[in-house]
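> sequence-free structure coming up:
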């Protein structure tokens with residue numbers, strides 16, 4: 001036999017491919033619920049039939065048994081009416097639905113037995129056959145199904161003892177009851193399996209609906225969160241713009257005072273204050289720029305301006321931007337660059353920002369008199385590798401997992417003292433490296449140092465001297 005093709009499997013409906021599992025399989029409680037749901041209609045219909053039979057017995061059953069049978073039928077009808085009323089008002093618990101149905105079945109069975117016993121009419125045995133078939137159509141519990149069959153069989157055996165029949169006719173009606181029992185059993189098994197499948201589908205549909213509801217709720221929450229995030233990003237962008245303008249004025253005027261442009265400052269202590277103002281202003285400006293860049297990167301609005309530039313010169317310019325910090329801690333910063341890695345085609349500004357961030361981080365977490373190495377090389381597969389290696393305090397495995405998260409900073413360390421910064425450097429660096437098409441990797445060991453690696457694709461490498469026009473474009477950038 002050939003297995004079905006993928007196209008055939010794909011064209012099947014969910015009902016054809018769904019297989020019930022433990023979470024959707026039917027149990028007796030589910031079947032009891034269905035029995036309770038149908039109990040009202042069943043009791044109403046059978047009760048109406050017995051009310052009609054009660055009236056018919058008065059006219060068609062010979063006296064004196066007509067009044068007895070009519071009264072019994074009417075009483076049975078009233079009992080079934082009470083069951084129907086309780087069922088419609090949801091006063092019958094699901095777990096006793098089958099016992100109530102069994103009791104109603106016994107009432108019907110008792111009516112048929114009484115009719116046979118009082119009238120001696122063998123044709124009434126057909127009522128037992130109808131009751132057996134009906135029982136297979138109503139019950140959904142195997143134990144109750146078997147018990148009712150046993151009650152019917154015992155009743156028939158007792159009737160054979162108290163009522164005298166012709167042997168041939170007795171055999172005929174016994175065969176009739178056996179046939180009815182077989183039909184009832186077949187009906188019960190078919191209904192039992194069908195309802196199990198229906199229950200499984202119903203549970204499956206409920207699970208799907210619940211999953212969809214949760215997905216819609218999560219989608220709504222995500223939309224709300226995205227709106228809030230957009231509002232936050234917009235606020236940060238506007239705040240950054242509004243704060244940078246007065247900060248530029250503070251830094252500019254403090255630098256003018258430091259240079260004594262408008263004349264000498266009388267007290268030398270004021271020069272120290274002016275330097276502090278300049279440093280604080282520059283620090284706040286760098287934080288605002290980092291926040292602004294992070295917002296632009298997250299919103300996908302940070303643009304890349306490609307240019308061809310001299311790699312060794314740019315590495316030296318990165319080192320010059322952090323030279324003051326290195327000198328203040330007496331840290332030796334060295335630079336190595338593969339002679340074959342002469343030119344690069346990328347975003348010069350973002351490239352410089354990446355490695356100034358990495359060098360600044362390395363200097364922050366390297367104790368005094370430490371070492372930092374800045375390397376540029378070409379890998380065997382043609383990719384360009386840039387490394388910033390320090391012998392600082394390093395990070396643990398848990399810290400390394402959090403290192404590139406926004407606003408995260410390593411804990412204080414006695415060997416490096418208090419560390420300034422907003423915790424945005426590595427987060428922005430990771431985003432910028434991806435923006436340039438590269439890959440960022442951070443390796444560290446507590447107490448040994450940290451190595452930051454940036455791989456750029458081979459396509460970023462430039463093999464020829466840039467033209468004068470390219471340098472002009474680079475200079476404008």
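Yep, it's here. Remember, it's a predicted structure, so these values are computed and weren't measured experimentally.
> now the helix or strand containing residue 253, how far from the chain's geometric center?
Taking DSSP states H and E as the definition, residue 253 sits inside helix 167-258. Centroid separation for helix 167-258 versus its chain: 9 Å, with C-alpha atoms, centre = their mean, to the nearest Å.
> pull out the buried residues from stretch 431-442.
By neighbour count on 16 or more other C-beta atoms under 10 Å, the buried set for stretch 431-442 is 431-433, 435-436, 438, 440, 442. C-betas here are computed from N, CA, C, even on glycine.
> average pLDDT across it?
Across stretch 431-442, pLDDT averages out at 88.
> which other residues reach that stretch?
293-294, 297-298, 302, 304, 346-347, 350-351, 353-354, 400, 403-404, 426, 429-430, 450-457, 459-460 (C-beta atoms under 8 Å, 6 or more residues apart in numbering).
> now do the same end-to-end measure for that stretch.
14 Å (C-alpha to C-alpha, to the nearest Å).
> before we move on, the earlier item: dump the buried residues of stretch 431-442 to CSV, plus secondary structure and distance to residue 147.
Shown next, in CSV, are the buried residues of stretch 431-442 (DSSP: H, G, I helix; E, B strand; the rest coil; distance: C-beta to C-beta, whole Å):
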residue, secondary structure, distance to residue 147
431, helix, 73
432, helix, 78
433, helix, 76
435, helix, 76
436, coil, 79
438, coil, 77
440, strand, 74
442, strand, 73
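> any chance of those residues in CSV with distance to residue 285 as columns?
Output for the buried residues of stretch 431-442, formatted as CSV (distance: C-beta to C-beta, whole Å):
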residue, distance to residue 285
431, 20
432, 19
433, 23
435, 22
436, 24
438, 27
440, 25
442, 26
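> any idea which of the residues you listed is closest to residue 53?
residue 431 (84.8 Å; C-beta to C-beta).
> how close does the closest one sit to residue 404?
Using C-beta to C-beta, to the nearest Å, residue 431 is found at 9 Å from residue 404.
> cool, and residue 254?
For residue 254 relative to residue 404 (C-beta to C-beta), the value is 34 Å.
> who has more neighbours, these two?
Using other C-beta atoms under 10 Å, the more surrounded residue of residue 254 and residue 404 is residue 254, with 20 against 16.
> quick one: residue 385 is in a helix?
No: counting by DSSP: H, G, I helix; E, B strand; the rest coil, residue 385 is not found in a helix; it is strand.
> show me what it is bridged to.
For residue 385, the beta-bridge partners are residue 377, residue 455 (DSSP bridges).
> can you name the residues that contact it?
By C-beta under 8 Å, 6+ apart, the contact set of residue 385 is 375-379, 453-455.
> 7 Å instead, please
377, 379, 453, 455 (C-beta atoms under 7 Å, 6 or more residues apart in numbering).
> can you select the buried ones from those in ChimeraX?
To isolate the buried members of the contacts of residue 385 in ChimeraX, using 16+ other C-beta under 10 Å:
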select :453,455
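> dump the contacts of residue 385 to a markdown table, plus pLDDT.
Listed next are those as a markdown table, based on pLDDT from 0 to 100:
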| residue | pLDDT |
| --- | --- |
| 377 | 92 |
| 379 | 92 |
| 453 | 93 |
| 455 | 92 |
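> tell me what the helix holding residue 253 is packed against?
Helix 167-258 is packed against helix 28-60, helix 125-138, helix 142-162, helix 268-298, with contacts defined by 3 or more C-beta pairs under 7 Å, 6 or more residues apart in numbering; DSSP states H and E.
> for residue 335, which of the ones you listed is the nearest?
helix 268-298 (22.5 Å).
> and the next helix or strand past that closest one?
strand 306-310.
> what's the mean pLDDT across that following strand?
Averaged over strand 306-310, pLDDT sits at 86.
> same question, stretch 384-397
90.
> all strands for the stretch 351-477 of the chain, in order.
Taking DSSP state E, counting those that start in this stretch as the criterion, the stretch 351-477 of the chain carries its strands at 371-378, 384-390, 439-445, 449-456, 461-462.
> my read: residue 346 touches residue 461, true?
No: at 9.6 Å, residue 346 and residue 461 do not qualify as touching, with contact defined as C-beta atoms under 7 Å.
> those two: which is more packed in?
When residue 346 is set against residue 461 and neighbours are counted by other C-beta under 10 Å, the residue ahead is residue 346, at 26 against 19.
> how about that one, phi and psi?
Residue 346 adopts backbone torsions of phi -160, psi -170, taken as degrees, to the nearest 10.
> residue contacts, it?
306, 436, 456, 460.
> the chain - how does it break down into domains?
Under the assignment automatic domain parsing, the domains of the chain span 10-300, 306-476.
> deepest of the ones you listed, which one?
Stretch with highest mean neighbour count among the domains of the chain: domain 306-476 (a mean of 17; mean count of other C-beta atoms under 10 Å).
> ok now it, how far from the chain's centre?
The answer for domain 306-476 is 37 Å, by C-alpha atoms, centre = their mean.
> output the below-cut-off pLDDT ranges for the stretch 151-300 of the chain.
229, 231-233, 235-241, 283, 290-300 (pLDDT under 70).
> mind doing that once more with 80?
164-166, 223-245, 247-248, 251, 258, 266, 268, 271, 276, 279-300 (pLDDT under 80).
> circling back to that earlier point, JSON lines please, covering the strands of the stretch 351-477 of the chain and showing distance to residue 95.
Listed next are the strands of the stretch 351-477 of the chain as JSON lines, based on distance: least, C-beta to C-beta, whole Å:
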{"stretch": "strand 371-378", "distance to residue 95": "76"}
{"stretch": "strand 384-390", "distance to residue 95": "72"}
{"stretch": "strand 439-445", "distance to residue 95": "62"}
{"stretch": "strand 449-456", "distance to residue 95": "66"}
{"stretch": "strand 461-462", "distance to residue 95": "77"}
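> and those: which comes nearest residue 85?
strand 439-445 (74.8 Å).
> if I look at the nearest residue to residue 387 once chain neighbours are set aside, how far off is residue 361?
Sequence neighbours aside, residue 375 is the residue nearest to residue 387 in space, at 4.5 Å (criterion: C-beta to C-beta, 6 or more residues apart in numbering). Look at residue 375 and residue 361: by C-beta to C-beta, they are 16 Å apart.
> go on, residue 286?
Taking C-beta to C-beta, one finds residue 286 at 13 Å from residue 361.
> center of this structure, which residue is that?
residue 215 (7.3 Å; C-alpha atoms, centre = their mean).
> help me confirm that residue 403 comes into contact with residue 426.
Yes: between residue 403 and residue 426 there is a contact under C-beta under 7 Å: 5.6 Å.
> low-confidence ranges, the stretch 351-477 of the chain, go.
402-425, 463-477.
> now residue 75: which helix or strand?
Residue 75 belongs to helix 65-88, assigned by DSSP H and E.
> check contacts around the spatially closest residue to residue 84 that is not a sequence neighbour.
The shortest distance from residue 84 to any non-neighbouring residue, by C-beta to C-beta, 6+ apart, is to residue 43 (3.8 Å). Applying C-beta under 7 Å, 6+ apart to residue 43 gives the contacts 80, 83-84, 87, 104.
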